[in-house]
Each structure stands twice: as structure tokens, then as C-alpha cells.
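Chemist: Fold the following and give me the result.
(2 chains, ligands or ions: 2)
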Amino acid sequence: MSLVRMLAVGTWLHVKQLSRSPFEIATSILIPLVQATLAVYLFRASPQPQALLGAAVGAGLMGVWSSVLFGSGGAIQRHRWEGTLEVLMLAPRRPVLVILPFTIATAVTGTYSIVATLLWGRLLYGIRLTFADPLGFVAAVPVCILSLGMFGLLLASTFVLMRNANALANTLEYPIWLLSGMLIPITTLPGWTGPLAAVLPTTWGSRAVRAAATGGEVWGPLAVCLAISLVCLALGALALSYVERRARAAATLALA
Amino acid sequence: MTDSGIGVLGRGAELAIEAKGLRRVYRSRTGWLRPRRTQVEAVRGVDLTVRRGELFGLLGPNGAGKTTTIKMLNTLLIPTAGTARVCGFDVVRETMQVRRRIGYIFGGDRGLYDRLTALDNLRYFAELYGVPARDQRRRIGEVLELVGLTGRERERVEGYSRGMRQRLHIARGLLHSPELLFMDEPSIGVDPVGARELRATVANLAATGTTVLLTTHYMAEADELCDRIAVIVHGRIRALGTPAELRRHAEGRRVLEVEVYGVDDGHLAAIRRVPGVRECNVEERGPAQVLTVQSDAGRDVQPDMLRALSGLRLGRVEVREPTLEDAYVAIVSESSAPSSDVDQLETVGVAS
Ligand SMILES: Nc1ncnc2c1ncn2[C@@H]1O[C@H](COP(=O)(O)OP(=O)(O)OP(=O)(O)O)[C@@H](O)[C@H]1O
Ligand SMILES: [Mg+2]
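Modeler: Ligands and ions are numbered 1, 2, ... in the order given. As a prediction, this is how the structure comes out:
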């Protein structure tokens, strides 16, 4: 119970810290505007009335993914720069429990972009916000956020092990949007991408969220998304413990 | 106060810190096109025992290895060689047990969440350290009061002055009432009144059974607070004892302080050649410089000295008994004299 409390307080405070950054605020308002516009122009021609809503929701998820990719991927480096990595690691907790609230927070701040994309879509383009499965939507979004936060932990721990993690992060943004069908349906992609998409939690998460908005199976894909993310969490926890020990040996917890 | 904590805190170990042969080598790569591997031996075999409840000072010049030693003891760094037990637990293998029992306070304004309030910062660390929810409010109030931040706790840290951040660091380090407190230059940036309050706080913690390992560059602070002091130079402990014992390093000496204008290396060399002179250091003080000359007490070096300074404008001349600072200076300059063994290549560069 106190563990859940610690994770919740940690997540909430990290969300506060993150969302007060001027850069963060600007991107989370402006990027969704671009994404809503993109979605609308891509799908305006579609005959299905729900296509626009689905596209807007997908575009919002793209924002969550970007937030997780850059926020969580750079989690260790950012804490090192701010000098907080040492004090966090000194806490009598396993490294995963110290970093997880932060990676979940990067997913939570990403929700701004779902909200903002829907709002921009409604205000500028008059998209009607009628959800096929409102209850499913309300459940799918938080689960999807939580899952992406856990996936983020795997990114956080593996990116520090790579020399050019930043370059890697940049190259991962668009492919994952495409592969997981956030913007365009997976069925339009070449067949070889199928297995790749199937192991990404983002694929299942966005399928569930889109289904909740436009109709289709919500709970199955959502469960798969959560399961894959838990595996990511376990792998990430292992990697992070390894990273911590290596950093104590190599003296890389502090900048100096 | 040295033994007061044992009965209460028990848990087997009587020693709060027990280090044997600690060494730490930093390896790093520098340069892009022709990377060089450099290797710095920061700590070269430190043995240290600190009893429970003791207030132990670690003094030494910049780069001597104080911070490195502390980080090996508080589990942030793995020693290259040697072993250490803190509160009875091994710092490499039993990190969780060690971390639960220690606090770490360091100087400087980094390491806080800037866009959060002081209260939120403390709340987060109270959670991380498992301070029970029902005790958090009271405990946070106590530490805020202790460091004099009560009333400012709802402001964001980004608006804090340097000294206020330092106070917040201290508050955070005390939050979980650690058995052993590592304080690495905790008084940096704190104003004189605050520094005095901090000394009172530290003395009070020690009096109530907390063990403290303190580093500082303020000799008076160390003299006032510490039960024992170790002076570390080039990664080795060069002197160890109570402040009174350390002062004996300068025993049989006399200190002459001369205010002078425009002294240069030539003058210093001339003074060092005066028979009976043991140390000579110069410190800038505004437009003037202050020469501190340590000499054998039995010899009057003043006439020879003033001759060496002839032609320069002199100010106040004063003779006094040696202080801890004089003793410290004597220890440090003895240990870093060119003839001693410590000045072997410190940096080994290998082109690869
Ligand atoms: N992360 C690091 N990588 C490489 N060298 C380091 C690192 N940290 C410290 N050193 C080197 O190790 C030596 C000891 O440094 P340390 O920080 O322990 O000194 P200190 O006694 O705390 O000095 P100060 O009084 O300036 O704080 C120095 O030569 C320093 O340059
Ligand atoms: Mg230091």
C-alpha cells in the first residue's frame, strides 16, 4: 500500500515538475494543433463519419508516444544533468521504483496532447466527439498511459547503455507512429511489419483506444497492451539495476 | 558524547564506519579525434574507523579525495579496492541496509527539483525514504523549522537563494532521522548566522546519538565541532586525532603574521631560506597580502624576515600561538613536499 502511495506521489510530483517547464507547455499545446490538422486533412475525404474522430484520437496518442520517447528515453541523462540522480539513487529503493514514477509522468503529461488534439479538432474543424464506447474510452486511455509509462522504463534503462541514444530516439518517433497504426490503419502497411507491430505495446494500446472511439473490440487489445508492458517493466527493472551498478563502478551518477 | 548512541542504536556494530584500504581510481576518456585514456588515483588506501555518535571531520585540500571517500562510504561509488562497513553493513553488497540508515548532505545548489516547492521536494523524499504517511507532516515541519525555512516552504525552489537551497538540502538529509550523516561541505553559501545555527544543529545531532562525518574548508568549524579529525592529502590520511592532538603538529612553533604590499615569489623564497622558518604562505586580502610564517618557537626569525622584505611597504606585524589552521597547513605542506612519496605521477596518460 505504501509502495503504491510512493509511486503515486512520485508520479504526481514529476507531472508537476514536468508540466511547469515552459518548453513542455509550449510543445504540448502547439504540437497537437499540428497533429489535429494533419489528421483532419488526411481523413477528411473518408466516407466513414467516425474516421475523423479516430484520426484525432490517434494523433493524440502520437503525442503521448513522443512524450514518452523523449522524456523517458532521456530520463537518466536529465536527472544526471539536474544533479538529482545521485540523491534518487541513494534512496533505499530498487532503482526501478525510483525511475518508474518519472517515466509514467512523461506518459501522463502526454495526455495533454490527447485532450488538446480533440479540443483543436472540435474547435477548428468541428469534429463531433461522440464515442462508440465512452466507458471503454475512459478505461482505455489511463491503461494505455500506464502501459506506455512502463514501456518508457525499458527505454530509460536501455537508452543509457547506448552511446547515441539521442539519435536513436529521433529515429524511433515516426516509425512507431506508423507501425502501431496511430495515424493510418496497420492493414495498409506491408506484411513484414506485422510481427514487429504485434510486440509493440503501442500497437495494442492505440488499437484499444481507437476502438473505444470509433467502434470495435476494446478490452482484448487493452489486456494484451498491459501484458506486454508488464514484460517491458520487468526487463527494464533488470536493466536498470545493471545500469545502476555499472554507474557506481564508472562514477557516472554525477556529472563531475 | 562518543559512546552515548550505542545502547539505543545497538544493532551489533559499535562502529558506524569501518573502512580498510579504500582505494578509488577514476578512468575517463578525453578528446574526440585522439582519445586519451586518463586515470586518476583519487583515494590511495584509506583506513578509517568512526564510532557511533562520533562527530568526525575529514579535512584536506581541493582534490584530496574527501568527496570520493564519502561517496564510497555512502554507496554512490564502488571502491576500486578495499572494504568498508557502514552501520555494520557492507557498502558494496548490502547497499539497501546502508542506504536506509544514512543521510547525505552536500554543498551546492544542484540536486533539487527546481520547479517544485520545498514542501513537495520534502514530501517526495519522505515517500522515497518510507517515512510513514501519518508522521510526514510533523517531520517535514520539524526539519523546516530546524533549517529556518518555515514560512517559505510553499515557494518554488527556483526562486530560492543559494543559501536557502543549501538549507533545503540539509532538511532533506535529516528527514528520515538517519543514524549516520555524511555532510560534504554543508555550510557552503550559508550566511554567518545560518552557519552558526547549522553548527549548533550538527552538534545537537551528535549529542543525541547521530554519527556525523563532516568535510569542510572552515578550520574554525572543524575545531569547534569535531571529536576527531583526519587530514587527507593526495588520497592518503596524513594526520588523525582530536583537534588538540592535531594542533600539536604545530607545537614548538610560533606564527608570525605580516601584512605586506607587493610580495612576490622571490621574497617568499628568501623567507623560506631564513634559518628557523618552517612554513611560509601568502594570502591576498584586498590590496594587501598577509604572510603567515611558521617558525621554531625558540628562534627569533623576525629580523631576518623583515630584511628579506626590505623595500616593501609593511602593515601590521603580529606574533601569535598556532591554531588548528596552522597545524593543518603544516600537515598539508609536509605531505605535499616534493621529496615525499605522494607526488608520483598522478595522471597517467596513455594514447590509444
Ligand atoms: N567523476 C570523476 N572523474 C574523474 N576524476 C574525478 C572524478 N571525481 C573526482 N575526480 C578526481 O579525483 C580527485 C579527488 O576528487 P574529490 O572530489 O574526491 O576531492 P575533494 O577532496 O572532495 O576536493 P574538494 O575540496 O575540492 O571538494 C581529484 O583529482 C578529482 O579531479
Ligand atoms: Mg569535495
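Chemist: burial measure for residue 198, as a count.
Modeler: No chain was given, so I picked chain A. 13 (other Cβ atoms under 10 Å in any protein chain shown). C-betas here are computed from N, CA, C, even on glycine.
Chemist: could you do chain B instead?
Modeler: If we define neighbours as other Cβ under 10 Å, then B:Leu198 has 23 of them.
Chemist: How about the contacts made by the residue in the stretch 151-256 of chain A that ligand 1 sits nearest to?
Modeler: Closest to ligand 1 within the stretch 151-256 of chain A is A:Ala251: 4.2 Å, counting by Cβ to the nearest ligand atom. Residues in contact with A:Ala251 (Cβ atoms under 8 Å, 6 or more residues apart in numbering or on different chains) are B:Tyr26, B:Leu77.
Chemist: same thing with B:Asp304?
Modeler: Counted by Cβ under 8 Å, 6+ apart, B:Asp304 has contacts B:Val274, B:Pro275.
Chemist: Would you tell me what the next helix or strand after the strand or helix carrying it is?
Modeler: Using DSSP states H and E, B:Asp304 sits in helix B:302-308. Using DSSP H and E, the helix or strand that follows helix B:302-308 in sequence is strand B:313-320.
Chemist: partners of B:Val25 in the sheet?
Modeler: B:Glu41 (DSSP bridges).
Chemist: burial of it, as a residue count?
Modeler: The number of residues near B:Val25, taken as other Cβ under 10 Å, comes to 17.
Chemist: Next: B:Pro35.
Modeler: Neighbour tally, B:Pro35, other Cβ under 10 Å: 11.
Chemist: wouldn't it be in contact with B:Arg29 here?
Modeler: Yes: counting by Cβ atoms under 8 Å, B:Pro35 does reach B:Arg29; the two are 4.9 Å apart.
Chemist: thinking again about what came up before, in the helix holding B:Asp304, what's buried?
Modeler: B:Gln302, B:Asp304, B:Met305, B:Ala308 (16 or more other Cβ atoms under 10 Å in any protein chain shown).
Chemist: Please tabulate the residues you listed in CSV, including the columns pLDDT and distance to A:Ala165.
Modeler: Formatted as CSV, those follow (pLDDT from 0 to 100; distance: Cβ to Cβ, whole Å):
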residue, pLDDT, distance to A:Ala165
B:Gln302, 86, 65
B:Asp304, 87, 65
B:Met305, 86, 61
B:Ala308, 87, 61
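Chemist: Distance of the residue of the stretch 151-256 of chain A closest to ligand 1 relative to B:Arg24?
Modeler: In this view, A:Ala251 and B:Arg24 are 8 Å apart by Cβ to Cβ, to the nearest Å.
Chemist: Could you pull out the residues contacting both of these two?
Modeler: B:Leu77.
Chemist: before we move on, back to that, from A:Leu90, how far out is the residue of the stretch 151-256 of chain A closest to ligand 1?
Modeler: Taking Cβ to Cβ, one finds A:Ala251 at 15 Å from A:Leu90.
Chemist: Next, see if whichever strand or helix holds A:Ile99 gets close to chain B.
Modeler: Assigned by DSSP H and E, A:Ile99 belongs to helix A:95-125. Yes: in terms of Cβ under 8 Å from any Cβ of the partner chain, part of helix A:95-125 sits within range of chain B, namely A:Val98.
Chemist: for the chain, which spans come out with low pLDDT?
Modeler: Answering for chain A, as no chain was given. Applying pLDDT under 70 to chain A flags the ranges A:47, A:49, A:163, A:255-256.
Chemist: Oops, wrong one, chain B.
Modeler: B:1-13, B:337-352.
Chemist: For the spatially most central residue of it, which residues are in contact?
Modeler: In chain B, the residue lying closest to the centroid (Cα atoms, centre = their mean) is B:Thr215, at 1.8 Å. Neighbouring residues of B:Thr215 by Cβ under 8 Å, 6+ apart: B:Gly57, B:Leu58, B:Leu59, B:Gly60, B:Lys66, B:Thr67, B:Ile70, B:Met183, B:Asp184, B:Glu185.
Chemist: Among the residues you listed, which lie within strands?
Modeler: Secondary structure defined by DSSP state E assigns B:Gly57, B:Leu58, B:Leu59, B:Met183, B:Asp184 of the contacts of B:Thr215 to strands.
Chemist: Figure out how far the helix holding B:Asp304 is from the centre of its chain.
Modeler: 36 Å (Cα atoms, centre = their mean, to the nearest Å).
Chemist: With stretch A:35-52 instead?
Modeler: Using Cα atoms, centre = their mean, the offset of stretch A:35-52 from its chain centre is 23 Å.
Chemist: Pull the residues that contact it.
Modeler: A:54-56, A:58-60, A:62-63, A:113, A:116-118, A:120-121, A:124-125, A:127-128, A:132, A:183-184, A:213-215.
Chemist: Mind doing that once more with 6 Å?
Modeler: Under the criterion Cβ atoms under 6 Å, 6 or more residues apart in numbering or on different chains, residues A:Ala55, A:Ala56, A:Ala59, A:Met62, A:Thr117, A:Trp120, A:Gly121, A:Tyr125, A:Ile127, A:Thr214 lie in contact with stretch A:35-52.
Chemist: One more: stretch B:51-62?
Modeler: Here stretch B:51-62 makes contact (Cβ under 6 Å, 6+ apart) with B:1-2, B:4-6, B:16, B:50, B:66, B:206, B:209, B:211-215, B:222, B:225-233, B:332.
Chemist: Which among those residues count as buried?
Modeler: The neighbour-count test (16+ other Cβ under 10 Å) marks B:5, B:16, B:50, B:66, B:206, B:209, B:211-215, B:222, B:225-233, B:332 as buried among the contacts of stretch B:51-62.
Chemist: Just the ones in strands from these, please.
Modeler: Among those, the residues falling in strands (DSSP E) are B:16, B:50, B:211-215, B:228-233.
Chemist: Report the contact partners of the residue of chain A found nearest chain B.
Modeler: Closest to chain B within chain A is A:Gly83: 3.0 Å, counting by Cβ to the nearest Cβ. Residues counted as contacts of A:Gly83 (Cβ under 6 Å, 6+ apart) are B:Arg110, B:Gly111.
Chemist: In a strand, it, correct?
Modeler: No: assigned with DSSP: H, G, I helix; E, B strand; the rest coil, A:Gly83 falls outside any strand and is coil.
Chemist: Look up how far B:Gly111 lies from it.
Modeler: Distance from A:Gly83 to B:Gly111, by Cβ to Cβ: 4 Å.
Chemist: coming back round to it: are any of the contacts of B:Thr215 buried, and which?
Modeler: B:Gly57, B:Leu58, B:Leu59, B:Gly60, B:Lys66, B:Thr67, B:Ile70, B:Met183, B:Asp184, B:Glu185.
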